[in-house]
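> Turn this into a structure:
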Amino acid sequence: MVKGTILLFDNAYLNYEMYRHWIKTGVGFVTRLHGQSVVQVLEDRLVSQAALEAGVLKDQWILLGRADQTEPVKLRLITFYDEDLKRTFEFITNLTQLGPVNIAQAYKQRWQIELLFKRLKQNLKFTDFLGDNENAINIQIWCALIADLLVTIKRKSFNFRIVPAYSNIVGLIRLHLMRYVDLKELLLCPDDPPLFGSPPTQQLALFNSGPP
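Residues are numbered from 1 along each chain as shown. Next up, the predicted model:
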């Protein structure tokens, strides 16, 4: 793991030896406090008024361990109240310079990343790798991300009263990938035969930003 990397993961991953390794190698991490952890508070850190208003309840230095362990890990414990979810969260991290609000927001983004890959796996069939080396895996991931970005941008550009579901758009694209057809017209009239005519004499534009 490269020094300076920041990892975000669920509290189901509980490995104190790995926590120590990341601290020694300069790798940052943010996760939620596990229910089996034993916490000893060492010091309360100063929380700014802006952070308090954003939902931060506490920012503390702690020793973290389990009842069957003799060597605890020194970490930060941030207690945060999420106004939208009406829930209190406890985050542990080894990041010392990042503010408590940023740490809470970083963990929240972890869920957005999971939703992205869930969308990729469900709609773009991103479930199996076509190659087994690093370069092939990277290419497949980037291709899936590019395809997802293009579909998302195109979907947001439609001025329909009801925007078609992401899965419906991907399904139509998959069925008609080798046809020359306007995507918007296809969504409006998916069963209209005149849509599937002869290939155009010039390259079609993906976005309406002028002549292709």
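> mind showing which ranges of this structure have poor pLDDT?
Of all residues in the chain, those with pLDDT under 70 make up the ranges 66-70, 190-212.
> What segments of it are helices?
Along the chain, counting by DSSP state H, helices occupy 16-25, 49-54, 100-123, 134-157, 166-175, 183-188.
> so which of these comes closest to W61?
When the helices of the chain are ranked by proximity to W61, the top entry is helix 100-123, at 12.4 Å, counting by Cβ to Cβ. (Glycine included, C-beta is placed from N, CA and C.)
> buried sites along that closest one?
Of the residues in helix 100-123, those with enough neighbours to count as buried (16 or more other Cβ atoms under 10 Å) are P100, V101, I103, A104, A106, Y107, R110, R119, L120, N123.
> these two touch, right, the first one and D44?
The one in question is P100. No - assessed by Cβ atoms under 8 Å, P100 is found out of contact with D44, at 12.0 Å.
> which residues are in contact with both of these two?
In the contact map built from Cβ atoms under 8 Å, 6 or more residues apart in numbering, the residues linked to both P100 and D44 are D59.
> follow-up on the earlier one: if we only consider the buried residues of helix 100-123, which is nearest to I173?
N123 (9.9 Å).
> And the closest one, how far from G26?
As judged by Cβ to Cβ, to the nearest Å, N123 and G26 stand 37 Å apart.
> Y13 now?
The span separating Y13 from G26 equals 19 Å under the rule Cβ to Cβ.
> Tell me how the chain divides into domains.
By the record's domain assignment, the chain is partitioned as 6-120, 127-191 (automatic domain parsing).
> Which of those domains has the highest mean neighbour count?
Between the domains of the chain, the one whose residues have the most neighbours on average, counting mean count of other Cβ atoms under 10 Å, is domain 6-120 (a mean of 15).
> No further queries at this time; thank you.
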